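**Q** compute the structure for the input listed below.
(one chain, ligands or ions: 1)
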Amino acid sequence: MNHTLITHSILRWAVLVLGVWAVLSALFAVLSKREYKSSDNKINLFFMISCDIQLLIGLILYFTGMWFDKVKSGMGAVMKDPAERFFAVEHALMMIIAWLLVHVGRSMVKRADTDAQKHKRTLIYFGIALVIILAMIPWPFRQPGIARELFPTF
Ligand code: HEM
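**A** Okay, the predicted model is just below:
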């Protein structure tokens, strides 16, 4: 396992912890109708930064590894193999969509007029992004070829 892949594997936990934290605190804030504090802004910012770094490392893995080569040598074959389709297409594409949602969400939160609207927008945009991220992680219970360990082995 190379260093980039090890970093990508470990950083998933930072993305998940920050994402769950941001979404749950937005949920409780909506329910309790509390104000939008600077700590809310901070956790949202940290979640976005973790997604930015993860995207960057993912792109490095994608273009320096075998996945982009496979795409170049024929999309037909890639789409027929579930593991190749997962990493070369589904994982990359859906994670980019999740990353976009986090960015659009943050600018929508900035533009919201009221605190209640800020919390609701955080909940919706980050919530959907988090569901996509959770669904697209190659968890150990996925089928062979896709499944990866929870923690990298050195
Ligand atoms: C929040 C976003 C993301 C999360 C949480 C995430 C998580 C993961 C995890 C857990 C793995 C398995 C690592 C292992 O083998 O232990 C993985 C593999 C991979 N990811 Fe991501 N990823 C994200 C975004 C991306 C993006 C945007 C791309 C590319 C554009 C990408 C490309 C890849 C590739 C190519 C692999 C397989 C590397 C290999 O085994 O050769 N990831 N990702």
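
**Q** separation between the residue of the chain found nearest the ligand and residue 30?
**A** For the chain, the residue closest to the ligand is residue 58, as judged by Cβ to the nearest ligand atom, at 2.4 Å. All C-beta spots, glycine's among them, are computed from the backbone N, C-alpha and C. Using Cβ to Cβ, to the nearest Å, we find residue 58 at a distance of 31 Å from residue 30.

**Q** equivalent analysis for residue 143, please.
**A** Distance from residue 143 to residue 30, by Cβ to Cβ: 37 Å.

**Q** who has more neighbours, those two?
**A** residue 30 (16 against 10; other Cβ atoms under 10 Å).

**Q** and the protein, which of its residues are near the ligand?
**A** 5, 8-9, 12, 15, 51, 54-55, 58-59, 61-62, 65, 67, 87, 91-92, 95-96, 98, 133, 137-138, 148-149, 152 (Cβ under 6 Å from any ligand atom).

**Q** so what's residue 128 up against?
**A** Residues near residue 128 by Cβ atoms under 8 Å, 6 or more residues apart in numbering: 98, 101.

**Q** again, only using 7 Å
**A** Residue 128 makes contact with residue 101 under the criterion Cβ atoms under 7 Å, 6 or more residues apart in numbering.

**Q** quick one: the strands in this protein?
**A** Assigned strands in the chain: none (criterion: DSSP state E).

**Q** pretty sure residue 98 contacts residue 129?
**A** Yes: using Cβ atoms under 7 Å, residue 98 makes contact with residue 129 at a distance of 4.3 Å.

**Q** which of the two has more neighbours?
**A** Ranked by neighbour count (other Cβ under 10 Å), residue 98 and residue 129 place residue 129 first, with 27 against 24.

**Q** next one, pLDDT for that one please.
**A** Here, the pLDDT recorded for residue 129 equals 98.

**Q** determine the longest helix present in the protein.
**A** helix 3-32 (DSSP state H).

**Q** buried residues in that helix, which are they?
**A** By 16 or more other Cβ atoms under 10 Å, the buried positions in helix 3-32 come out as 7-9, 11-12, 14-16, 18-19, 22-23, 25-26, 29-30.

**Q** so which of the residues you listed comes closest to residue 122?
**A** Nearest to residue 122 among these: residue 26, at 4.0 Å, using Cβ to Cβ.

**Q** okay but the closest one is in contact with residue 121, surely?
**A** No: counting by Cβ under 7 Å, residue 26 stays clear of residue 121, with 8.5 Å between them.
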